[in-house]
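Chemist: build the 3D model from these lines:
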Amino acid sequence: MSADRERLLVMERRTDQSNPDGSSPLHDRRRELLAAIADPIRLEILRRSRREKTVSELCAELEMAQPRISHHLAVLRRTGLLVSFARGREHPHRWSEAPPGSDLRRVQDLLRAWFDVPAEKAVRAESAGAKNLEDFLL
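Modeler: You can find the predicted model right below:
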């Protein structure tokens, strides 16, 4: 089992403890995960990172400064959506291998479906008044 996958499994197992405010770590994790994908820049980074991408490649493609891209990548790595690895001097990023049935896998599956919707269909659905994700995916 890869170290990333092991780390994700440990994070998923921490659901039986509660925080001082009464919320569970599972709810905190879900909140963090949803907050990470709520940002349009991070969504675009995720869309482009389905294939390995370096920070410099993302900077060039998104026409953004390196510190800004690095900040968003750090958020996505912290949630487990992306992983990075050393390859010489480069550190490419790619989607993590989330365990089946995990919240992370559900979000990744949802994003895959979202990113695979043809642009024309999304525009037609939006112009027809689609207000939610199911309307776009149908």
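Chemist: can you give me the strands in the chain?
Modeler: Secondary structure of the chain, counting by DSSP state E: strands at 82-84, 93-95.
Chemist: of all these, which one is nearest Gln66?
Modeler: Distance to Gln66, taken as Cβ to Cβ, is lowest for strand 93-95 among these, at 13.2 Å. Every residue, glycine included, has its C-beta placed from N, CA and C.
Chemist: show residues contacting that closest one.
Modeler: With Cβ atoms under 8 Å, 6 or more residues apart in numbering as the test, strand 93-95 has contacts from 46, 49-55, 58, 73, 76-77, 81-84, 108.
Chemist: just to revisit the earlier point, how about the strands of the chain in JSON lines, adding mean neighbour count and mean pLDDT?
Modeler: Putting these into JSON lines (neighbours: other Cβ atoms under 10 Å; pLDDT from 0 to 100) gives the following:
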{"stretch": "strand 82-84", "mean neighbour count": "21", "mean pLDDT": "93"}
{"stretch": "strand 93-95", "mean neighbour count": "19", "mean pLDDT": "93"}
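Chemist: out of those, which is closest to Ile69?
Modeler: Closest to Ile69 of these is strand 93-95 (Cβ to Cβ; 9.8 Å).
Chemist: tell me where the model's unsure across the chain.
Modeler: Scanning the chain for pLDDT under 70 picks out the ranges 1-24, 26, 118-138.
Chemist: which residues in it form helices?
Modeler: 3-13, 25-37, 40-48, 55-62, 66-79, 103-116, 119-127, 133-137 (DSSP state H).
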